[in-house]
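Student: Provided below for reference: sequence and predicted model.
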Amino acid sequence: MMMKIPNKAMFSSMPTAASHLLIGVVLAMGSQVAVADWPQANGPSGNFNPKRYGHRLVDDLSKARKLWVCGDADLGFAKGSSSGYLRHLSEDDTHPGAASGLIVAEGKVFASSFRPSGEIWAEHMPHLKQDKNRRFAEGDAGAVLRRNAAIIADDFTVAIDLKTGAIVWKSVEKGKGLNRYSGKRNHFGVSPAYHKGKVFSLGTSGVIYCYDAEDGDKLWENADGALVAIAAEERRELLEKRGGFASGDAMGASLVVAQGVLVVPEFTGGRDIGLRGIDVGSGKTLWTVEAATCRHATPAVWSHGDRQYLLCATVGQHNRHDSAKLRLIDSKDGKVLWTETGLAATWYPLSPSADHVMANVPSAHINPKKAKDGQPWGLMAAYRITPDGAERAWTMPEKAPFWFENHMDICAMRRVLIRDGRVYFFAQGHTVDADKSSRFFSILDEKTGEVLLTTEAVSGSPQFWLIEDRLLVMPDAAHSGRSTLELFAIDPKGFRRLAEPWKPPHENTTAYETYMELPYVDGLFLMRNQQGSVICYDLRAEARKTR
């Protein structure tokens with residue numbers, strides 16, 4: 001099922017010479033038509049760093065201009081809570097939806113989500129067994145609850161015009177999905193990916209869909225993945241017992257394309273998951289690699305010369321604090337080129353530079369809060385990487401500003417970026433005595449590890465981006481209702497917040513353990529809101545020119 005605005009027909013009805021001329025005019029109007037500014041969750045360079053466009057940005061984010069709000073509010077609220085489980089499901093203006101991020105290519109914003117559908121709902125949810133909650137099954141609120149608590153879902157992918165916010169096309173896989181709402185924890189957060197005119201989406205039942213980026217025509221689908229069989233059994237049991245939803249927990253790694261191969265996470269319930277390579281043209285499965293990355297961590301696409309590789313780290317064995325691995329995988333055939341062992345659990349996605357990647361290594365100091373488990377602090381080290389191997393170059397200092405609590409709830413956030421020879425790093429943990437929370441932001445020299453700055457100016461549990469010459473921070477990215485945005489000057493000698501924190505008026509939504517990746521494109525920052533829409537803000541200081 002698909003709703004779309006046709007545009008191929010306009011060219012096909014013209015004489016050949018005229019259509020070629022018009023196409024040339026359109027392309028001459030702006031390179032954005034054919035550019036992939038943010039083609040996948042980890043950005044255009046595979047390491048979460050956006051392109052730099054040379055814009056001068058506002059110092060005060062309250063001065064940013066809201067360009068548009070997408071009229072199709074169907075993506076869902078994404079971030080729920082444990083205490084507000086039923087309240088979220090009973091809100092009339094939206095539904096759960098996926099906790100996936102946004103991508104941008106060909107002058108369009110692409111998003112994937114799901115909408116609960118059908119008449120069979122999870123009427124025997126554990127949350128409904130208490131008498132005080134039975135009222136949610138009655139009256140108008142009950143009708144909304146039954147709608148949003150439907151067991152089956154429609155998976156869909158939507159394309160939005162970057163210039164206007166209008167829907168270009170929307171492709172719906174009617175009744176093929178599952179409602180994977182998981183309350184507070186991240187409930188199904190797989191972002192789509194774009195490559196050379198195609199958009200790829202992972203449905204909630206494990207099927208991969210490939211659409212034409214121009215008009216949304218479905219080109220192929222692939223149902224080879226391990227999640228397909230798991231989802232089929234979930235569907236059968238849930239429809240029979242009506243005892244809850246399909247699990248969406250720990251489905252946070254997103255799709256990427258490397259060397260012309262679509263790389264898909266294989267969610268099977270483990271802390272570490274496999275990866276599967278699919279030919280982007282035919283949809284044929286090419287290879288699989290078991291236990292390749294953490295279930296929260298989108299694989300890093302690392303470029304070396306004219307080749308693209310997959311750089312992945314794992315969590316390892318439970319209570320074995322030196323059992324994780326760092327690996328480089330050939331994206332063409334899935335061959336593991338090298339493996340670095342003895343790492344500590346790495347829950348977060350990697351963010352490599354051309355020469356280094358930061359990975360978690362065992363600390364020599366035990367976290368006092370986790371002393372019973374003998375769990376050391378999280379500590380990062382720089383590995384010098386080539387296609388032939390990895391070598392530890394330096395390790396962060398063994399002290400509070402660089403320690404972090406190394407478990408799922410804290411560690412799945414993306415906490416490091418590398419750009420222009422500097423490492424930008426956020427640590428969240430506690431002091432040595434474990435009686436005071438500590439949150440430090442540091443800048444280090446990429447080659448030597450020299451500490452250039454350590455500050456407590458950046459607070460919360462942040463998501464951050466390096467945009468132009470600024471650091472854009474969402475300090476409390478784990479909690480939708482409390483999240484704000486801040487801009488910092490990034491020079492270590494003059495590092496400072498440029499204005500007061502700004503709370504977007506549109507009630508932006510986030511994910512929880514694996515945070516929602518959002519794109520910065522040509523002066524624009526795109527977000528999702530709790531009502532299920534996409535919002536576009538212009539962060540440029542000067543008046544915006546026509547794209």
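Tutor: Noted; the coordinates are in hand. Just so we're clear, the structure is a prediction, and the values are computed from it rather than from any experiment. Numbering: from 1, shown residues only.
Student: Could you list the low-pLDDT ranges of the chain?
Tutor: Along the chain, segments meeting pLDDT under 70 span 1-35, 127-138, 411, 429-437, 543-547.
Student: Where is the longest strand in it?
Tutor: Using DSSP state E, we find that the single longest strand of the chain is strand 108-121.
Student: Could you look up the SS state of Ala371?
Tutor: Taking DSSP: H, G, I helix; E, B strand; the rest coil as the rule, one finds Ala371 in the helix state.
Student: what about it, neighbour count?
Tutor: Counted with other CB atoms under 10 Å, residues neighbouring Ala371 total 10. To be clear about C-beta, it is placed using only N, CA and C from the backbone, and glycine gets the same treatment.
Student: quick revisit: the longest strand of the chain: which residues count as buried?
Tutor: Lys108, Val109, Phe110, Ala111, Ser112, Ser113, Phe114, Arg115, Pro116, Ser117, Trp121 (16 or more other CB atoms under 10 Å).
Student: I'd say the fifth one and Ser100 touch.
Tutor: Yes - Ser112 sits in contact with Ser100 when judged by CB atoms under 8 Å, with a separation of 5.5 Å.
Student: Which residues are in contact with each of these two?
Tutor: Listed as contacting both Ser112 and Ser100 by CB atoms under 8 Å, 6 or more residues apart in numbering are Val190, Ser191, Pro192.
Student: Pairing partners for the longest strand of the chain, with directions?
Tutor: Strand 108-121 has the following strand partners under DSSP bridges: strand 103-105 (antiparallel), strand 150-161 (antiparallel).
Student: so which of those gets nearest Trp403?
Tutor: strand 103-105 (33.8 Å; CB to CB).
Student: Next, the buried residues of that closest one.
Tutor: Residues Ile103, Val104, Ala105 are the ones in strand 103-105 that count as buried (16+ other CB under 10 Å).
Student: likewise stretch 55-65?
Tutor: Buried residues in stretch 55-65 (16+ other CB under 10 Å): His55, Leu57, Val58, Leu61, Ala64.
Student: what distance separates that stretch from the centre of its chain?
Tutor: 24 Å (CA atoms, centre = their mean, to the nearest Å).
Student: what does stretch 314-321 give?
Tutor: 23 Å.
Student: hang on, the earlier thing: quick one: which of the buried residues of stretch 55-65 sit in strands?
Tutor: Using DSSP E, none of those sit in strands.
Student: and the two most separated of those?
Tutor: Most distant of the buried residues of stretch 55-65, by CB to CB, are His55 and Leu61, 14.4 Å apart.
Student: before we move on, the earlier item: between the shared contacts of Ser112 and Ser100, which has the most around it?
Tutor: Counting by other CB under 10 Å, top hit in the shared contacts of Ser112 and Ser100: Ser191 with 29 neighbours.
Student: Against Arg470, how distant is it?
Tutor: Remark: distance between Ser191 and Arg470 (CB to CB, to the nearest Å) = 24 Å.
Student: can you check Ile230 too?
Tutor: 43 Å.
Student: Of these two, which one has the most company?
Tutor: Arg470 (20 against 17).
Student: what sits against that one?
Tutor: So Arg470 contacts Leu57, Leu487, Phe488, Ala489, Ile490, Leu498 (CB under 8 Å, 6+ apart).
Student: who's the fourth one bridged to?
Tutor: If I follow you right, that is Ala489. Arg470, Arg496.
Student: okay but it is in contact with Ala499, surely?
Tutor: No - contact between Ala489 and Ala499 fails when scored by CB under 8 Å: they sit 11.0 Å apart.
Student: Identify the contacts common to those two.
Tutor: Joint contacts of Ala489 and Ala499 (CB under 8 Å, 6+ apart) do not exist.
Student: Please, where are all the helices along the chain?
Tutor: Using DSSP state H, the helices found in the chain span residues 8-12, 16-29, 85-89, 139-148, 226-241, 408-411.
Student: From Val301, how far off is Gly425?
Tutor: Careful, residue 425 is Phe; it's not Gly. According to CB to CB, Phe425 stands 21 Å off from Val301.
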